[in-house]
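[1] From the sequence below, what's the structure:
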Amino acid sequence: MSARASSGSRLRAVVAGSAGNLVEWYDWYTYSATALYFAPVFFPEGDLTAQLLRTAAVFAVGFFARPIGAWAMGRYADRSGRKAALTISVAMMCLGSLLIAATPGAAVLGAGAPAVLLLARIFQGLSLGGEYGASATYMSETAGRRYRGFWSSFHYVTLIGGQLAALCVLIVLQHVLPASAMAAWGWRIPFAIGAALAVVALWLRRNMFESQSFLGESDARVERGSVRLLIGGYPRELSTILGLTAGGSMIFYVYTTYMQKFLVNTAGFSKDGATELSAMTLVAFLLAQPVFGWLSDKAGRRAMLLLAFGGGALVTWPIMNAVALAGSMTVAFLLILCGVLLESAYTSISAVVKAELFPTHVRSLGVALPYALANALFGGTAEWVALWFKSVGSERGFYVYASLLSAVGCIVALGMRDTRDHSRILED
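    Here you go, the predicted structure:
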């Protein structure tokens, strides 16, 4: 692709980079979307909260595999190319989904069933740890300077699209299959679909072209993908990503993956109603991404970050408290919508802000590693922490916890330069 590519070229690059990203996130979120059904299969002891707590712990372990994947695949993407790393990551995700689809429950395997579930999530965590950095970098590098926020926002469009697709598959199955069949074996179907889609994505990624930024890095004296150079040369950039991701990931998982359980377990909605409500929210969330990405090209990235994190710190408590008491699908939807629209000011530019902080030779690693670390510590544990607060009778303590992390993101945004005006992505 030329240095000044046409809109058509950029669109093809976005499609090529995002198709596999959608499949990866579909596979990742299928676990959370179907957890209400398979939690009793792998963890039959205790009540629903206890079963979901154990399932959330496995979910969190998958997140802790992501920093390892980010380190390994980030180095690989900076050394061998974004395309090569993206191809490997989707193959690993396929393996993880296939394992979950085919593994018998605790009634057959006993303690071996949750062990295999854990292994599958580790595979998926390694895959996604590499996917985020490589895909965020690729899509930011192939976007032009003028509309980089807009084009790169499709990274989160496909991320949310994967989650929405997982919920839509679940909704279809809920309407086609009786509840007994869903609980017995129907929940396996989305994982089998994910494995098959990953094979398609693998084929698509083999036909991607490499980014101009990677191909244009001609300084042979610079070591590509060096952790030593990254930590020694860019400590402020790393701490910036850690702070932004801590708050951003927490609020994201509050309103997306955890909200479905919250609507059932706290607000008293049915499983079907909670799933449909979550899907409607995700549609609005998805559509908001290009809008806020475009706004960041006009108003700057920093202004969007301050809106997202400042707003999140102020409204998370009242929104969660009101949803718990809502009793109405419409009221609950409007409340959650307010939260996700504020969060969109961060998610739409999450990829580009991180990518703009680093030069080409450490960009993929620099994006992936601190993001994965913060995501493991705060995003991956969000459901577990929320359920723990509920289990000890202090659920509102979680609202405070989430609000404080959003406030941390706001403080970080206040202290950073606007990456729109100080970007290290030099190609246009």
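[2] alpha carbons only for contacts and neighbour counts from here, please
    Will do.
[3] so which helix or strand takes in the residue positioned nearest the centre of the chain?
    Taking Cα atoms, centre = their mean as the criterion, residue 159 is the residue nearest the geometric centre of the chain, at 6.0 Å. In this structure, residue 159 sits in helix 154-176 according to DSSP states H and E.
[4] C-terminal to that helix, what's the next element?
    Downstream of helix 154-176 (by DSSP H and E), the next one is helix 179-181.
[5] Quick check: next helix or strand after that next one?
    Counting by DSSP H and E, the next helix or strand C-terminal to helix 179-181 is helix 188-205.
[6] If you compare the directions of that next one and helix 154-176, what angle comes out?
    150 degrees (axes from the mean of the first three to the mean of the last three Cα atoms, to 10 degrees).
[7] any idea how far helix 188-205 is from the chain center?
    How far helix 188-205 lies from its chain's middle: 18 Å, per Cα atoms, centre = their mean, to the nearest Å.
[8] Check which helices and strands it sits against.
    Judged by 3 or more Cα pairs under 8 Å, 6 or more residues apart in numbering; DSSP states H and E, helix 188-205 is in contact with helix 7-42, helix 82-102, helix 154-176.
[9] Output the ones you listed as JSON lines; include the columns mean pLDDT.
    Below are the helices and strands packed on helix 188-205 laid out as JSON lines (pLDDT from 0 to 100):
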{"stretch": "helix 7-42", "mean pLDDT": "77"}
{"stretch": "helix 82-102", "mean pLDDT": "84"}
{"stretch": "helix 154-176", "mean pLDDT": "87"}
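[10] May I see the ones you listed arranged in JSON lines, with distance to residue 325 as well?
    Shown next, in JSON lines, are the helices and strands packed on helix 188-205 (distance: least, Cα to Cα, whole Å):
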{"stretch": "helix 7-42", "distance to residue 325": "21"}
{"stretch": "helix 82-102", "distance to residue 325": "35"}
{"stretch": "helix 154-176", "distance to residue 325": "24"}
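[11] do you know which of those lies nearest residue 252?
    helix 154-176 (10.2 Å; Cα to Cα).
[12] what does the closest one contact?
    14, 18-19, 21-27, 29-30, 33-34, 135-136, 139, 182, 186-187, 190, 272, 275-276, 278-279, 282-283, 285-287, 289-290, 347-348, 350-351 (Cα atoms under 8 Å, 6 or more residues apart in numbering).
[13] Going through the residues you listed, which ones are buried?
    Neighbour counting with 16 or more other Cα atoms under 10 Å marks 14, 18-19, 21-27, 29-30, 33-34, 135-136, 139, 182, 186-187, 190, 275-276, 278-279, 282, 285-287, 289-290, 347-348, 350-351 as buried within those.
[14] With adjacent residues omitted, what lies nearest to residue 314?
    residue 403 (7.1 Å; Cα to Cα, 6 or more residues apart in numbering).
[15] hang on, isn't that neighbour packed against residue 320?
    No. Look at residue 403 against residue 320 with Cα atoms under 8 Å: they stay out of range, at 10.7 Å.
[16] circling back to that earlier point, what is the orientation angle of the helix holding residue 159 with helix 7-42?
    Using the same axes, to 10 degrees: helix 154-176 against helix 7-42 is 40 degrees.
[17] In which helix or strand does the residue nearest to residue 314 reside?
    Applying DSSP H and E as the criterion places residue 403 in helix 396-414.
[18] What mean pLDDT does that helix get?
    Averaging pLDDT along helix 396-414 yields 96.
[19] Which of the residues in it are classified as buried?
    By 16+ other Cα under 10 Å, the buried positions in helix 396-414 come out as 398-399, 401-410, 412-413.
[20] starting at the chain centroid, how far to it?
    19 Å.
[21] what residues does that helix touch?
    Residues from elsewhere that reach helix 396-414, judged by Cα under 8 Å, 6+ apart: 240, 243-248, 250-251, 302, 305-306, 308-310, 312-317, 320-321, 385-386, 389.
[22] try it again with 6 Å
    Residues from elsewhere that reach helix 396-414 (Cα atoms under 6 Å, 6 or more residues apart in numbering): 243, 244, 247, 306, 309, 310, 312, 313, 316, 317, 386.
[23] For that helix, C-alpha coordinates in PDB please.
    Output of helix 396-414 as PDB, limited to C-alpha atoms (Å, rounded to 0.1, in the frame of the first residue of the first chain):
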ATOM      1  CA  ARG A 396     -22.300  -2.000  46.200                       C
ATOM      2  CA  GLY A 397     -18.600  -2.200  47.200                       C
ATOM      3  CA  PHE A 398     -18.000  -3.300  43.600                       C
ATOM      4  CA  TYR A 399     -19.600  -0.200  42.300                       C
ATOM      5  CA  VAL A 400     -17.100   1.900  44.300                       C
ATOM      6  CA  TYR A 401     -14.200  -0.300  43.100                       C
ATOM      7  CA  ALA A 402     -15.100   0.200  39.400                       C
ATOM      8  CA  SER A 403     -15.600   3.900  39.900                       C
ATOM      9  CA  LEU A 404     -12.200   4.400  41.500                       C
ATOM     10  CA  LEU A 405     -10.500   2.600  38.600                       C
ATOM     11  CA  SER A 406     -12.200   4.900  36.200                       C
ATOM     12  CA  ALA A 407     -11.000   7.800  38.200                       C
ATOM     13  CA  VAL A 408      -7.400   6.400  37.800                       C
ATOM     14  CA  GLY A 409      -7.900   6.500  34.000                       C
ATOM     15  CA  CYS A 410      -9.000  10.100  34.200                       C
ATOM     16  CA  ILE A 411      -5.900  11.100  36.200                       C
ATOM     17  CA  VAL A 412      -3.700   9.400  33.600                       C
ATOM     18  CA  ALA A 413      -5.500  11.100  30.700                       C
ATOM     19  CA  LEU A 414      -5.000  14.500  32.400                       C
END
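[24] Can you pull out the low-pLDDT segments for this protein?
    Applying pLDDT under 70 to the chain flags the ranges 1-14, 16-17, 207, 209-222, 225, 427-428.
[25] again, 50 this time
    1-4 (pLDDT under 50).
[26] From residue 140, how far out is residue 89?
    19 Å (Cα to Cα, to the nearest Å).
[27] Tell me which residues of the helix holding residue 159 come out buried.
    Buried residues in helix 154-176, counted by 16+ other Cα under 10 Å: 154-171, 173-174.
[28] now swap in stretch 133-153 and tell me
    Neighbour-count burial for stretch 133-153 flags 133-145, 147-153 (criterion: 16+ other Cα under 10 Å).
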